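# pasting the structure only:
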């Protein structure tokens, strides 16, 4: 499509609307917000009101004490992501939003698994923990707590391996992410 | 000085001439400051009235409306006007009192989580935590309310902080790194839009309330006339283009004209300016304007492609974009005759389907005629506010607004009881323009306490109640879609005697029942001093037509 100021009219057939599409993949949004009271409820409230489902949500400080970072993941098959980010941008306390492409960012989540592991099973569990580069952070006669960091795929894989031993409970932080290279997140 | 005295200074610095409100326990310090601040304060009789009055002032003048209420019930009463202002993009700053900071979160007397309960319906809200922040918060509130897509901003002030002593430095800076609305439209997109328009054979302009907010009426008219495009507008956009112009095809949407709705249905290119493709416009979304490509001009990027995907999105201020779009279009020098067939079709619809109704055979006043008579009696030059329902739609259809900011109603939220308080705000903002209210006998009762405010402020507002003894629009839907089962809509035998009610408030009351003398009677009423309440008896069971049944496409219009 030419951009020169000619008098060539534009055929309407050539026009395509390309927004509002569902991408079908998981999106990781990192949202830089002002560190003010109520900001999280504004973000969470917006998602609830517009019917967007959040898969994971993590909030924490940044290098700047006036700013916090909210990292959330949501399913691009269910929501038009451009509408989600545009609505978020309308919140006055939201400074910046990035929809991180897979591959251009490092994503990590921390999970803790409390596993039923009596003395007879311990060696086997510890071997799995070692393969996943996890850490045993608590041990009692009947249970141990394992700390795992990684992408959520890795955590899911560990979960699958460890479940047969008896999973007592588990807690996850939700993913955080930062862009690769020099570029700012 | 006290934080509240600094608040008064900030209001003056923002150029505020008048505020609306009602005092209570948690904003006593603020009202002590009002005592000798030299700012006009209009005492309303219910906080909702104050909020709608501030909206009416803002809609009539284009300036920021201001409303004050106390904590707890004062704040909950403001929820409706806050939501109304959000839905219709009205710049209003709301100040609420809050309980002392040491009582916050303890369910103290008249405590409500004002920030929490208004969170989904404000453009922004600020709770004061350090009294020193109050001046900056006020300036930020005015800036946010009035720029970009306008909207309501709430400032919640705990009563102990409002009394605190602060150092006030005039002209405090605002700091809003996350708020930078785009006003300049993208040049490439505007050029693309001009080219598409030059190629279109069946174009139509669809203007919304955003054109009025942007003061872009002149630019809209210039583009429309130069291109000889048919033009329609939403309920909120009425007056942006003069209704007596031959290119005007009438209002769009559920109760719009056939010419407008069929025009959208058959258009090949729709230029939406400051409009948001609301369900009352689109009807069944899948079948809305099936042949059209869309140019969507809006200052709020989130509106673009929210409901209908835009082929050429242009984010920016309508005034900026429309004037540059005309420049680009003119440079292309398109062949005007390409629209001849289209105009033949559009004019055919206009001729075949005018807004008609069957007149009564006796003296009975038809509601449509009541509005036409009001147009005659006011010369079409009044500011008209309305409530919500049949009377609102008939007014929108039949008054014929010549200019922007003459038609003030609650479009998005559809708030009954909006008209009277909005007229108070409009009359105070425009003291030299006649202001009339067209209300229903149902909806006027939702804020009729504000008659006292009209009398106290000596406002010459003329309130015309279209009295059919029903909650008319609900009755119409029950008739058409619920098998005539009229459930809880008959008001006739239990409404007040309106003339006596007027007199009880110390204003004049008149009842009109005859169509023959209606225009003359209305003229006489318009010349009366002070507020007048007029009870106009109209046909009881008349339906608002034409109509797109809810959820159906435009071409299925009935009536």
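Thanks, I have it. Computed from a predicted structure; not experimentally measured.

# can you give me the neighbour number for residue 59?
Just so you know, I chose chain A. 17 (other CB atoms under 10 Å in any protein chain shown). Glycine gets a C-beta too; all of them are placed from N, C-alpha and C.

# look at chain B instead
Residues near residue B:59, counting by other CB under 10 Å: 31.

# looking at the sheet around the closest residue to it other than its chain neighbours, what are its partners?
In this structure, residue B:59 finds its nearest non-sequential neighbour in residue B:408, 4.7 Å apart by CB to CB, 6 or more residues apart in numbering or on different chains. Note on residue B:408: beta-bridge partners by DSSP bridges are residue B:385.

# I'd assumed residue B:60 was in contact with residue B:408.
Yes. Here residue B:408 reaches residue B:60: they are 6.2 Å apart, a contact under CB atoms under 8 Å.

# so the two - more neighbours on which side?
residue B:408 (28 against 24).

# can you tell me the closest non-neighbouring residue to residue B:173?
Nearest non-adjacent residue to residue B:173 (CB to CB, 6+ apart): residue B:136, at 7.3 Å.

# tell me who's in contact with that neighbour.
B:172, B:173, B:174, B:175 (CB atoms under 8 Å, 6 or more residues apart in numbering or on different chains).

# now swap in residue A:17 and tell me
So residue A:17 contacts B:293, B:294, B:305, B:309, B:310, B:311 (CB under 8 Å, 6+ apart).

# quick one: the residue nearest to residue B:173 from chain A, how far?
13 Å (CB to the nearest CB, to the nearest Å).

# assumed that residue was part of a helix.
Yes. Remark: residue B:136 belongs to a helix, assigned using DSSP: H, G, I helix; E, B strand; the rest coil.

# per-residue pLDDT, the residue nearest in space to the middle of chain B?
Closest residue to the average C-alpha location of chain B: residue B:409 at 4.1 Å, with CA atoms, centre = their mean. pLDDT for residue B:409: 97.

# got it, and residue A:15?
For residue A:15, pLDDT reads 84.

# so how many other residues sit close to it?
18.

# could you do residue B:202 as well?
With other CB under 10 Å as criterion, residue B:202 counts 21.

# redo the contacts of residue A:17 as JSON lines? Include neighbour count and distance to chain A.
Output for those, formatted as JSON lines (neighbours: other CB atoms under 10 Å in any protein chain shown; distance: CB to the nearest CB, whole Å):
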{"residue": "B:293", "neighbour count": "24", "distance to chain A": "5"}
{"residue": "B:294", "neighbour count": "23", "distance to chain A": "7"}
{"residue": "B:305", "neighbour count": "23", "distance to chain A": "4"}
{"residue": "B:309", "neighbour count": "18", "distance to chain A": "3"}
{"residue": "B:310", "neighbour count": "24", "distance to chain A": "6"}
{"residue": "B:311", "neighbour count": "23", "distance to chain A": "4"}
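
# how about low-confidence regions in chain A?
A:1-9, A:18-21 (pLDDT under 70).

# so where's the longest strand in it?
If you go by DSSP state E, chain A has its longest strand at strand A:105-116.

# neighbouring strands - and their directions - for that one?
Here, using DSSP bridges, strand A:105-116 pairs with strand A:143-150 (antiparallel), strand A:167-172 (antiparallel), strand A:176-179 (antiparallel).

# buried ones in that strand?
A:105, A:107, A:109, A:110, A:111, A:112, A:113, A:114, A:115 (16 or more other CB atoms under 10 Å in any protein chain shown).

# for chain B, state which of these is nearest.
Using CB to the nearest CB, residue A:105 comes nearest to chain B of the buried residues of strand A:105-116, at 22.0 Å.

# just grab the bridge partners of the closest one for me.
With DSSP bridges as the rule, residue A:105 is bridged to residue A:179.

# do you know how far it is from residue A:71?
10 Å (CB to CB, to the nearest Å).

# now do the same contact list for residue B:274.
Contacts of residue B:274 by CB under 8 Å, 6+ apart are B:207-214, B:216, B:237, B:297-299, B:318.

# now residue B:266
Applying CB under 8 Å, 6+ apart, the residues near residue B:266 are B:202, B:291, B:345.

# and the first one, what are its phi and psi?
Dihedral pair for residue B:202: phi -130, psi 60, per degrees, to the nearest 10.

# repeat for residue B:18
phi -150, psi 140.

# then residue B:203?
phi -80, psi 160.

# let me see the contact set for it.
Counting by CB under 8 Å, 6+ apart, residue B:203 has contacts B:197, B:227, B:229, B:230, B:267, B:268, B:269, B:270, B:271, B:339, B:342.

# is residue B:248 in contact with residue B:231, as I believe?
Yes. Using CB under 8 Å, residue B:248 is in contact with residue B:231, at 6.0 Å.

# higher neighbour count, these two?
Using other CB under 10 Å, the more surrounded residue of residue B:248 and residue B:231 is residue B:231, with 28 against 20.

# who does the nearest residue to the more buried one once chain neighbours are set aside form a beta bridge with?
Leaving aside its sequence neighbours, residue B:231 sits nearest to residue B:205 (CB to CB, 6+ apart; 4.2 Å). On the basis of DSSP bridges, residue B:205 is bridged to residue B:231, residue B:271.

# common neighbours of residue A:105 and residue A:71, please.
Going by CB under 8 Å, 6+ apart, residues that sit against residue A:105 and also against residue A:71 are A:28, A:177.

# may I ask you to confirm that residue B:89 belongs to a strand?
No. Looking at residue B:89 with three-state DSSP, it is coil, so not inside a strand.
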